Each structure stands twice: as C-alpha cells, then as structure tokens.
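[1] What shape does this take:
(one chain, ligands or ions: 1)
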Amino acid sequence: MAQIFSGIQPSGELHIGNYLGAVKNWVQLQTQYPGAIYCIVDYHALTGPYDPQALRRRTHEMAVSLLAAGLDPAQCTLYVQSTVPEHTELAWIFNTITPVGELERQTQYKDKASRQESVLAGILNYPVLQAADILLYHADAVPVGEDQVQHLELSREISRKWNARFAPEDAPYFPEPKALLTPTRRIMGLDGSAKMSKSMGNTVGLLEDSDSVWQKLRPAVTDPARVRKTDPGTPEVCNIYHLHKAFSPAPVVAEVAEKCSTAAWGCIECKKVLFQHMEAELVPIRRRAAELREAPERVHEALAAGTARCRDVAQRTMREVKDAMGMMTS
Ligand code: SF4
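    So this is what the prediction gives:
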C-alpha cells in the first residue's frame, strides 16, 4: 500500500478552488490509502509576507476547513508541519546534496524571484523542504496539481542523490515519490481571468454563507459569446460549466452542455442549477465547520494525535539518516 503525503499552506479558510483542486481528492484518497498523511505547511508559509497573529489563526482555520471538508483523523493523519521539527532537520541535510543550479531552474522560483528585489533563501530552498516533507515519511505517492510536478521531480532527484551516496546500491533507503495528479482541472476565479486565489479576490469561500455564494455566482463571468439569451454558447470555455462538472451529477452536466450549446436556457438559469448542487455539497461542510468552531478542543486533539504519530516516524527516519551519514544519533 502506497504511503500518501500532501501539504497545504495555512491560508485560513479554504476556498472552493483549493477544495476542488486538492482537498476533495484527499478525502477520497484517505479511504483508498489508509494512513495518508496531510500536513498544514506553516514552515513554507514563512517564505511569504505574513502576520504572526494571523498565521496562528489561519493555521487553526485551515484545520477546521480540512476536517469539515471530510478529512477523518480515524483514517488519515492531519498535523501542523512545525510541530514536527524533523522536517527542517532533514531539509538541511538535503540542502547539502542539492545543487543550487537545480533550484534556480525551478519555474516557481524564477517566477517569484522575478517579482522581488531581494530574494529570500527560503524561496530558493522551498522545494528542498518539500522533498524533506515527503521523504521524512517515505511517502511514495503525492497528490499534486500540474504546477507542482516539477518540484516533485526534484524530490525524486534528491532521493536518488541521497541513496546513491549513503544507501547500499541494492537497498535504496528513500523511495522515489510519484505524482498522483489531481483529477479536477484548475478552477478559474469567478472573474474568469485567472486561477482562483485569495490574492486575486476572485474566490468563493468553502464556508461562505448561501447568500454570499449566490451574490458572487450571479455576476460571474461566462462564455462571452452568450451576449443574448438566444446566442448559443460553448460550455468548455465557461468556468460555470467546469464548476458544474465538479459539483453536479453527470446527467445534469450533460443537460448543461446541451442547453448551453443550443441556447435553450440563459446563464442565470444555468447558475441557479449550479448553486443548488453546490449547496447540496457545501451545506453539510459548513455545518461541520460551525460545530468544530464551537468545540476547538476537537481540532486541537486531532492535530495533537497527528503530531504524535508523525513524530514517531520522523524521529526514526532521522536516526537512520544520521546513522547512515556518520553523524551522532544521541
Ligand atoms: S449557459 Fe451555463 S455553461 Fe453556458 S455560458 Fe452560460 S453559464 Fe456558461
């Protein structure tokens, strides 16, 4: 059985873009791969601007969102990265075998560095910490979106380098983690112009109330060819159609495609149907989140149990790694 690992930044409440793009898949994978490990990666969050008080609150809110969305501590492990300090210990070790040139070639690094006057070392070394996150638990399958595939390839490279230097040739110590590509395609923002993201202000919060969701959905951008109700559209170019694919049953998705391309209905009718199906999925999530906010000790208990499980594994890994590298283990 593959060991799954995946992480998410503590950005506070989830929005439907990261719910559909990652977390909904995590919920399914926890039954398929018992013992899947999911991590709120607060060490990674330190590489961007942040407010310390907000970080703590956002970390808790992210845990609430993940548990409300369906992560079940009886089936998977959920914890906060910095409560297992072995992540940074292994990252340091991996830094010593990773060429700077490989890090500078990473598309995400080039993109972030091009927008900053002074580039933090943490941004350059971000994928080394990711490799440590994954390999600390010997994870061999990592659910990721397309944009993380290059970083995962670097994790595989780091694993190969460490094994070549410190493990017997016929018994590699670290696995080469493979990507489990998330099935839902990237969700665009409601303005239709960019990926859904908080910084773009084009999101729908996973825990937003019904009125607010509809107020955002109503004016959302659709196929620009549908100027009049009688103009036929092309569902594939419309973000609302892709949201139907994520929330509505298959017969409804087929009906949307047919009625859109034949101009049998207008975009508002189409959005009303989408809203109903979103509500069917999101109302129980909102209810669970409200219960968790009323009982924060349940969230703390789930995270503490996750930390305890992960520290056991992480400490064993570090003992074995340090032993293989000729370092003191106590
Ligand atoms: S009918 Fe629906 S799928 Fe077609 S353009 Fe309008 S909102 Fe999009």
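
[2] ok, what's across the strand from residue 141?
    Counting by DSSP bridges, residue 141 forms beta bridges with residue 4, residue 178.

[3] Would you mark the buried spots in stretch 270-286?
    Residues 270, 271, 273, 274, 275, 277, 278, 281, 282, 285, 286 are the ones in stretch 270-286 that count as buried (16 or more other CB atoms under 10 Å). C-beta: built from backbone N, CA, C; applies to glycine.

[4] So which elements touch the host helix or strand of the last one?
    Applying DSSP states H and E as the criterion places residue 286 in helix 267-294. Secondary-structure packing of helix 267-294 (3 or more CB pairs under 8 Å, 6 or more residues apart in numbering; DSSP states H and E): helix 52-69, helix 210-217, helix 239-247, helix 250-261.

[5] how about a cut-off of 10 Å?
    Applying 3 or more CB pairs under 10 Å, 6 or more residues apart in numbering; DSSP states H and E, one finds that helix 267-294 contacts helix 16-18, helix 52-69, helix 210-217, helix 239-247, helix 250-261, helix 296-324.

[6] which one of those has the most crowded surroundings?
    Highest mean neighbour count of the helices and strands packed on helix 267-294: helix 16-18, a mean of 24 (counted as mean count of other CB atoms under 10 Å).

[7] From the contact counts, what lies against that helix?
    With contacts taken as 3+ CB pairs under 10 Å, 6+ apart, helix 16-18 sits against helix 52-69, helix 239-247, helix 267-294.

[8] mind listing the strands for the stretch 101-250 of the chain?
    Assigned by DSSP state E, counting those that start in this stretch, the strands in the stretch 101-250 of the chain fall at 141-144, 178-181.

[9] Turn the helices and strands packed on helix 267-294 into a markdown table, including mean pLDDT.
    Below are these laid out as a markdown table (pLDDT from 0 to 100):
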| stretch | mean pLDDT |
| --- | --- |
| helix 16-18 | 92 |
| helix 52-69 | 96 |
| helix 210-217 | 96 |
| helix 239-247 | 95 |
| helix 250-261 | 97 |
| helix 296-324 | 98 |
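
[10] Dump those to CSV, plus distance to residue 232.
    Output for the helices and strands packed on helix 267-294, formatted as CSV (distance: least, CB to CB, whole Å):
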stretch, distance to residue 232
helix 16-18, 27
helix 52-69, 36
helix 210-217, 22
helix 239-247, 13
helix 250-261, 5
helix 296-324, 49
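
[11] any chance of those in a markdown table, with distance to the ligand too?
    Formatted as a markdown table, the helices and strands packed on helix 267-294 follow (distance: least, CB to the nearest ligand atom, whole Å):
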| stretch | distance to the ligand |
| --- | --- |
| helix 16-18 | 16 |
| helix 52-69 | 25 |
| helix 210-217 | 10 |
| helix 239-247 | 4 |
| helix 250-261 | 3 |
| helix 296-324 | 37 |
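
[12] Of the ones you listed, which is nearest residue 127?
    When the helices and strands packed on helix 267-294 are compared by CB to CB, helix 296-324 sits nearest residue 127, at 18.6 Å.

[13] Filtering the buried residues of stretch 270-286 by proximity to the ligand, which remain?
    When CB under 6 Å from any ligand atom is applied, the members of the buried residues of stretch 270-286 adjacent to the ligand are 270, 271.

[14] just to revisit the earlier point, now the helix holding residue 286 against helix 52-69, angle please.
    Counting by axes from the mean of the first three to the mean of the last three CA atoms, to 10 degrees, helix 267-294 points 110 degrees away from the direction of helix 52-69.

[15] Could you export the buried residues of stretch 270-286 as JSON lines, including pLDDT?
    Below are those laid out as JSON lines (pLDDT from 0 to 100):
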{"residue": "270", "pLDDT": "97"}
{"residue": "271", "pLDDT": "97"}
{"residue": "273", "pLDDT": "98"}
{"residue": "274", "pLDDT": "98"}
{"residue": "275", "pLDDT": "98"}
{"residue": "277", "pLDDT": "98"}
{"residue": "278", "pLDDT": "97"}
{"residue": "281", "pLDDT": "98"}
{"residue": "282", "pLDDT": "97"}
{"residue": "285", "pLDDT": "98"}
{"residue": "286", "pLDDT": "97"}
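
[16] which one of the buried residues of stretch 270-286 is nearest the ligand?
    When the buried residues of stretch 270-286 are compared for distance to the ligand (CB to the nearest ligand atom), residue 270 comes out closest, at 3.1 Å.
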